[in-house]
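Asker: sequence first, then the predicted structure:
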Amino acid sequence: VEIDLGAVVHNFLALRRRVGAGVRVMAVVKSDAYGHGAPQVSRALAKAGAEVFGVATVEEGVALREVGIDQPILVLGCIFKEEIGDIIRYSLIPNLCSEPLALELSRRAGDTIVKVHVKVDTGMGGLGVRPEEAIRFVEGVVRFKNLFLEGIFTHFSSSCQEDKGCTYEQIRVFKDILARLGALGIEIPLRHMANSGAILDVPMSYFNMVRPGLLLYGLYPADKVRRSVEVRPVMTLKSRLAFFKNLCVGETVSYERTFRTSRPTRVGILPIGYDNGYSLSLSNKGEVVIRGRRLPVIGRVRMNHIQVDITDLPEAEVGDEAIIYGGQFSSAVSVEDVARLTGTIPYQVVCATGRTNPRVYLNGTN
């Protein structure tokens, strides 16, 4: 897996231009930067001027601190009481939506001032305090003298859909909470809700911080969102042609004999399979690029191998590079293409790919 850190930086700067002055861009590097490598990606973004990072777990935040990331780190996911020590020790910012957790955090913090963000569930149906409980909860948090309420946020459930009705309703609910807090004299410095889809389609959701995830990695979160920011793909999955053989008409390929040759066929073997994140669903559907030519994957994807019809590329040789998907090559199969073929989303494709294969970093000093 090749990771183009130059493309990551390009995408971050493009997003910063999109949201404009006065709006911070939180770089979401959770889940090992969506399979791209959180330490390497975060260091590149920090050098490019990223002011704040978002992770899913306390463990991820600690890992970034240990590789030298000094910027604020917000833990977006679930937090347990036994993790409070690391939150304080490593100066992480927890999201709060639980009164017992807030109480324990304040008790353990002592004389240390801990920054916190309150999460409100405006329609996701997951982590976050309910809207009708938000005012009382925030009032309780601000009473703790050693908890500094730096931010309040929520998360969209469907910002990538063409019908923005639910998205606008979530914005309305969030704005109402902010207005009611303001009337009580509670002004919270950071207010954020825009994810990648909302950054592209819903500028009114920017407030004063946005949280791009997939866009940082050069991918659009859905087919129907506007391409209002030009981003470059960051990840390229590559393999090499390892073996080939000639089959006669009527012979079959791989398990379950799902492909039968209709002509004399030259079959190339690539040492990559579903153990490497190449989905079984790409059997007899996928394509790879060798010497600039798109070639079909034939037969069932195996744990460690796929078969490619290279009959129309007689010059192909063992050792030739094969671009499986991703990257900025004009003929390459995109991650979005793979997601459509396999009935999933780009997020899952890159997470699986990046976590199961060796990574090589380009255009960076990491």
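Answerer: It's in.

Asker: pLDDT weak spots in the chain?
Answerer: 365-366 (pLDDT under 70).

Asker: what do you get if the cut-off is 50, keeping everything else the same?
Answerer: 366 (pLDDT under 50).

Asker: which residues of it fall in helices?
Answerer: All helices of the chain, identified by DSSP state H, fall at 5-19, 30-34, 38-47, 58-66, 84-89, 99-109, 131-142, 165-183, 196-201, 335-342, 346-356.

Asker: which of the ones you listed sits closest to residue 155?
Answerer: Nearest to residue 155 among those is helix 165-183; the distance by CB to CB comes to 8.6 Å. Heads up, the C-betas are built off the backbone N, CA and C, glycines and all.

Asker: of the helices of the chain, which stretch is the most buried?
Answerer: Of all these, helix 196-201 has the most neighbours on average by mean count of other CB atoms under 10 Å, namely a mean of 25.

Asker: what's that one packed up against?
Answerer: When contacts are defined as 3 or more CB pairs under 8 Å, 6 or more residues apart in numbering; DSSP states H and E, helix 196-201 sits against helix 5-19.

Asker: the helix it packs on - contacts with which helices or strands?
Answerer: Identification of packing neighbours for helix 5-19 by 3+ CB pairs under 8 Å, 6+ apart yields strand 24-28, helix 38-47, helix 196-201, strand 360-362.

Asker: same thing but 6 Å
Answerer: In terms of contacts (3 or more CB pairs under 6 Å, 6 or more residues apart in numbering; DSSP states H and E), helix 5-19 is packed against helix 38-47.

Asker: mind listing residues that contact the helix it packs on?
Answerer: 5, 8-9, 12, 27, 29, 32-33, 53, 64, 67, 69, 361, 364, 366 (CB atoms under 6 Å, 6 or more residues apart in numbering).

Asker: kindly recompute the last result at 7 Å.
Answerer: Contact with helix 38-47 is made by 3, 5, 8-9, 12, 27, 29, 32-33, 53, 60, 63-64, 67, 69, 71, 361, 364, 366, as judged by CB atoms under 7 Å, 6 or more residues apart in numbering.

Asker: kindly list the main-chain dihedrals of residue 249?
Answerer: phi -60, psi 130 (degrees, to the nearest 10).

Asker: separation between it and residue 284?
Answerer: 18 Å (CB to CB, to the nearest Å).

Asker: which one of these two has more residues nearby?
Answerer: Just comparing residue 249 and residue 284: by other CB atoms under 10 Å the higher neighbour count belongs to residue 284, 16 against 10.

Asker: residue 256 is in contact with the more buried one, correct?
Answerer: No - applying CB atoms under 7 Å as the test, residue 284 and residue 256 come out as separate, 10.5 Å apart.

Asker: state the number of residues packed around the residue nearest to residue 166 when sequence neighbours are not counted.
Answerer: Closest residue to residue 166 apart from its sequence neighbours, by CB to CB, 6 or more residues apart in numbering: residue 158 at 5.2 Å. Residues lying near residue 158 (other CB under 10 Å) number 16.

Asker: measure residue 158 to residue 224 for me?
Answerer: Taken as CB to CB, the span from residue 158 to residue 224 is 11 Å.

Asker: swap in residue 338?
Answerer: Applying CB to CB to residue 338 and residue 224 gives a distance of 18 Å.

Asker: then residue 59?
Answerer: Residue 59 is 35 Å from residue 224, by CB to CB.

Asker: same check, this time on residue 215
Answerer: In terms of CB to CB, residue 215 sits 15 Å off from residue 224.

Asker: between the two, who's got more neighbours?
Answerer: Using other CB under 10 Å as the criterion, residue 215 and residue 224 rank with residue 215 on top: 24 against 11.

Asker: dump stretch 340-359 to CSV, keeping only the CA atoms.
Answerer: C-alpha atoms of stretch 340-359 as CSV (Å, rounded to 0.1, in the frame of the first residue of the first chain):
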residue,chain,number,x,y,z
ARG,A,340,-19.8,0.1,-5.6
LEU,A,341,-18.8,-3.3,-6.9
THR,A,342,-18.8,-4.9,-3.4
GLY,A,343,-21.9,-3.2,-2.1
THR,A,344,-20.0,-1.3,0.7
ILE,A,345,-18.6,2.2,1.3
PRO,A,346,-15.1,3.6,0.6
TYR,A,347,-14.5,3.9,4.4
GLN,A,348,-14.5,0.1,4.7
VAL,A,349,-12.3,-0.5,1.7
VAL,A,350,-9.4,1.7,2.8
CYS,A,351,-9.6,0.7,6.5
ALA,A,352,-9.3,-3.0,5.5
THR,A,353,-6.7,-2.4,2.9
GLY,A,354,-4.4,-0.2,5.1
ARG,A,355,-4.6,-2.5,8.1
THR,A,356,-3.8,-5.7,6.4
ASN,A,357,-0.8,-4.8,4.1
PRO,A,358,2.6,-3.2,4.4
ARG,A,359,2.6,0.5,3.9
